[in-house]
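>>> From the sequence below, what's the structure:
(one chain, ligands or ions: 1)
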Amino acid sequence: MTTPLDHIRNFSIVAHIDHGKSTLADRLIQLTGALEERDMKEQVLDSMDIERERGITIKAQTVRLNYRAKNGEDYVLNLIDTPGHVDFAYEVSRSLAACEGSLLVVDASQGVEAQTLANVYQAIDNNHEIVVVLNKVDLPAAEPERIREQVEEVIGLDASNAVMISAKTGLGVPDVLEAIVHQLPPPREGDIAAPLKAMLVDSWYDAYLGVIVLVRIIDGVLKKGQTIRMMGTGAKYLVERTGVFKPARVNVDELGPGEFGFFTGSIKEVADTRVGDTITEDRRQTAKALPGFKPAQPVVFCGLFPVDAADFEDLRAAVGKLRLNDASFSYEMETSAALGFGYRCGFLGLLHLEIIQERLEREFNLDLIATAPSVVYRLNLNDGSVKELHNPADMPDVVKIASIEEPWIRATILTPDDYLGGILKLCQDRRGIQADLSYVGKRAMLTYDLPLNEVVFDFYDRLKSISKGYASFDYHLTDYREGDLVKMSILVNEEPVDALSMLVHRTAAEKRGRAMCEKLKELIPHHLFKIPIQAAIGGKVIARETISALRKDVTAKCYGGDVTRKRKLLDKQKEGKKRMRQFGKVDIPQEAFIQALKMGD
Ligand SMILES: Nc1nc2c(ncn2[C@@H]2O[C@H](COP(=O)(O)OP(=O)(O)OP(=O)(O)O)[C@@H](O)[C@H]2O)c(=O)[nH]1
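Model (predicted):
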């Protein structure tokens with residue numbers, strides 16, 4: 001039995017990070033009895049360990065809630081979870097496109113932040129009705145009335161019906177359920193008699209069931225035994241199981257118009273399922289596919305290499321496994337003169353990079369060296385062709401290059417007035433161009449255009465430290481612009497270390513080069529000979545440091561007598577060596593790479 005359309009509400013929750021989205025979702029699940037209290041783990045929606053530890057949401061999830069409203073009617077509420085971080089904007093957009101309304105959660109003690117704006121504008125772009133929820137009213141610092149006005153003023157939403165709640169204590173949460181039923185619209189279309197038409201919202205790999213595909217049904221029904229066709233890829237599959245998440249997986253006989261649910265078939269890889277694709281029945285196809293989605297494009301690349309070359313096979317297996325569940329992560333094999341075999345990997349952004357790296361190290365027990373993150377440059381060559389450059393090491397000879405273009409972003413930063421000066425300077429130092437400066441209550445809202453290349457290093461960390469954590473930040477890619485970019489190489493003992501080469505703006509090259517050489521001088525241990533460290537553009541050295549020679553006999557202090565002590569010291573030294581990489585005759589500790597690449601200003 002499918003639910004009639006006017007008794008279905010599909011909604012998502014949009015919020016700035018930490019404003020209480022997950023806490024509210026948990027409350028809604030709890031209140032509608034979807035979970036027994038004792039089964040209620042904290043934040044059930046954030047299922048992966050890392051997500052839970054870091055308190056961030058990565059994978060979009062959906063939960064069906066059964067709710068009997070005060071009017072006595074039974075409703076099916078589908079909560080579609082969306083990630084809150086900028087890197088996952090693409091996942092946010094596809095989840096929003098699949099539902100009709102949003103709860104906009106705003107922390108009543110903090111007010112509107114950068115991601116509040118970015119996320120709510122996406123919801124508005126998707127024609128969502130929006131219920132404003134002011135959360136954390138239990139906090140002494142909460143000013144719900146003031147924040148209500150702020151929402152109206154800054155976003156232009158009618159907040160007269162705003163629901164004031166504390167997701168933590170549960171206060172006001174039942175009103176949220178009523179608001180969902182009465183203020184959000186049911187699905188706008190849906191013909192149960194028409195041929196099947198469904199949107200592929202998400203997919204992931206499950207060790208027992210294979211690929212699980214999350215769908216939103218538009219027309220018709222989806223059930224076991226049907227042969228379905230993915231209209232974009234043309235692939236056909238037999239449906240083996242249909243079901244919903246409550247949030248535990250429950251099988252159902254069929255899914256009808258307006259409903260969310262999942263199906264499984266013999267689909268081997270997540271890569272076979274294209275998010276945004278239209279699913280129809282093979283023998284009775286829908287006439288028109290849904291407007292397609294753009295696949296997520298990786299914007300940041302870096303090389304990942306095992307510290308111990310013998311671990312390469314393990315790395316190969318691990319990236320393959322991760323990719324099964326994350327089609328937005330891409331990789332191809334790379335060989336580096338310095339680092340041996342590894343992978344060049346593409347990510348949606350810096351947080352995505354960090355998460356993947358951490359999962360590889362933690363879940364697969366790998367010790368990795370990551371090279372400097374790089375954006376995708378566009379090279380216009382003299383022969384008229386255009387080349388995309390993912391790796392500075394692949395840069396062709398400069399005489400072949402007519403011009404280089406780099407990606408730019410538009411960043412929105414909200415900050416208390418006190419830190420504005422420092423932030424303006426940071427943006428200016430990073431070649432930023434100010435587009436706007438206005439005020440949201442007592443806080444400044446800055447709009448800046450910045451080269452992504454200047455943001456991938458440590459912009460976010462710097463912003464947080466300048467503003468003592470109070471500034472919020474959001475960005476989206478805008479365009480490619482020509483820039484005076486040069487490849488800077490780092491030479492250790494006259495040997496170029498490819499993993500440390502990078503593209504920099506000519507005006508910043510000398511400063512970066514000098515900082516890099518100074519840093520490496522501190523980080524590379526003394527050897528028995530003098531080691532020059534140089535930064536160079538083409539053949540021209542722009543910075544230089546020298547590590548003096550040192551004769552060091554670690555066993556000298558053992559007076560030759562105690563053999564076991566001597567052995568222990570030698571073992572210890574060997575252990576230290578394992579985490580080193582040899583460049584020509586020089587050993588560079590892994591730590592030196594990480595630190596050199598992490599440069600502050
Ligand atoms: N005092 C108070 N704290 C709350 C309330 N709601 C949430 N919090 C706390 O605020 C913090 C962030 O809440 P989350 O629900 O994880 O926030 P989120 O928006 O889901 O964050 P992300 O998943 O990282 O985007 C947690 O420490 C919660 O315990 C509330 O009503 N009152």
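
>>> those strands in the stretch 201-350 of the chain, which residues are they?
Taking DSSP state E, counting those that start in this stretch as the test, the strands found in the stretch 201-350 of the chain are 210-219, 222-223, 227-230, 236-238, 241-245, 249-251, 254-255, 260-264, 278-281, 300-306, 330-336, 340-347.

>>> Quick check: the closest residue to His16 other than its chain neighbours vs Val151, distance?
Using Cβ to Cβ, 6 or more residues apart in numbering and skipping residues adjacent in sequence, the residue nearest His16 is Glu113, 3.8 Å away. Where you see a C-beta, it was placed from the backbone N, CA and C, and this is true even at glycine. Glu113 sits 12 Å away from Val151, going by Cβ to Cβ, to the nearest Å.

>>> What are the boundaries of the helices in the stretch 101-250 of the chain?
Ranges of helices within the stretch 101-250 of the chain are 114-125, 144-150, 173-183, based on DSSP state H, counting those that start in this stretch.

>>> Check which element follows the lengthiest helix in the chain along the chain.
When every helix of the chain is counted residue by residue (DSSP state H), the longest turns out to be helix 506-523. Using DSSP states H and E, the helix or strand that follows helix 506-523 in sequence is strand 531-537.

>>> That next one: which residues count as buried?
Ile531, Ile533, Gln534, Ala535, Ala536, Ile537 (16 or more other Cβ atoms under 10 Å).

>>> quick one: Ile404 from the ligand, how far?
Ile404 sits 36 Å away from the ligand when distances are taken as Cβ to the nearest ligand atom, to the nearest Å.

>>> Stretch 162-180 and the ligand, are they touching?
Yes: Stretch 162-180 lies within reach of the ligand by Cβ under 6 Å from any ligand atom, at Ser166, Ala167, Lys168.

>>> Worst mean pLDDT among the helices of the stretch 101-250 of the chain?
For the helices of the stretch 101-250 of the chain, mean pLDDT drops lowest on helix 114-125, to a mean of 85.

>>> Remind me what it packs against, helices and strands.
strand 8-15, helix 89-97, strand 101-107, strand 129-135, strand 401-416, strand 472-482 (3 or more Cβ pairs under 8 Å, 6 or more residues apart in numbering; DSSP states H and E).

>>> Using TSV, lay out those together with mean pLDDT.
TSV is the format used below for the helices and strands packed on helix 114-125 (pLDDT from 0 to 100):
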stretch	mean pLDDT
strand 8-15	93
helix 89-97	74
strand 101-107	95
strand 129-135	96
strand 401-416	92
strand 472-482	87
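
>>> Tell me which of these lies nearest to Asp202.
helix 89-97 (7.6 Å; Cβ to Cβ).

>>> Please produce a markdown table containing the strands of the stretch 201-350 of the chain, extended by mean pLDDT and distance to the ligand.
Shown next, in a markdown table, are the strands of the stretch 201-350 of the chain (pLDDT from 0 to 100; distance: least, Cβ to the nearest ligand atom, whole Å):
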| stretch | mean pLDDT | distance to the ligand |
| --- | --- | --- |
| strand 210-219 | 91 | 19 |
| strand 222-223 | 95 | 30 |
| strand 227-230 | 94 | 31 |
| strand 236-238 | 94 | 33 |
| strand 241-245 | 92 | 18 |
| strand 249-251 | 86 | 22 |
| strand 254-255 | 94 | 27 |
| strand 260-264 | 93 | 20 |
| strand 278-281 | 94 | 29 |
| strand 300-306 | 89 | 21 |
| strand 330-336 | 87 | 25 |
| strand 340-347 | 91 | 19 |
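
>>> Switch these over to CSV; also include distance to Leu77 and mean neighbour count.
Shown next, in CSV, are the strands of the stretch 201-350 of the chain (distance: least, Cβ to Cβ, whole Å; neighbours: other Cβ atoms under 10 Å):
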stretch, distance to Leu77, mean neighbour count
strand 210-219, 14, 23
strand 222-223, 20, 20
strand 227-230, 26, 19
strand 236-238, 29, 15
strand 241-245, 12, 20
strand 249-251, 15, 12
strand 254-255, 16, 21
strand 260-264, 10, 24
strand 278-281, 23, 24
strand 300-306, 37, 24
strand 330-336, 36, 16
strand 340-347, 34, 21
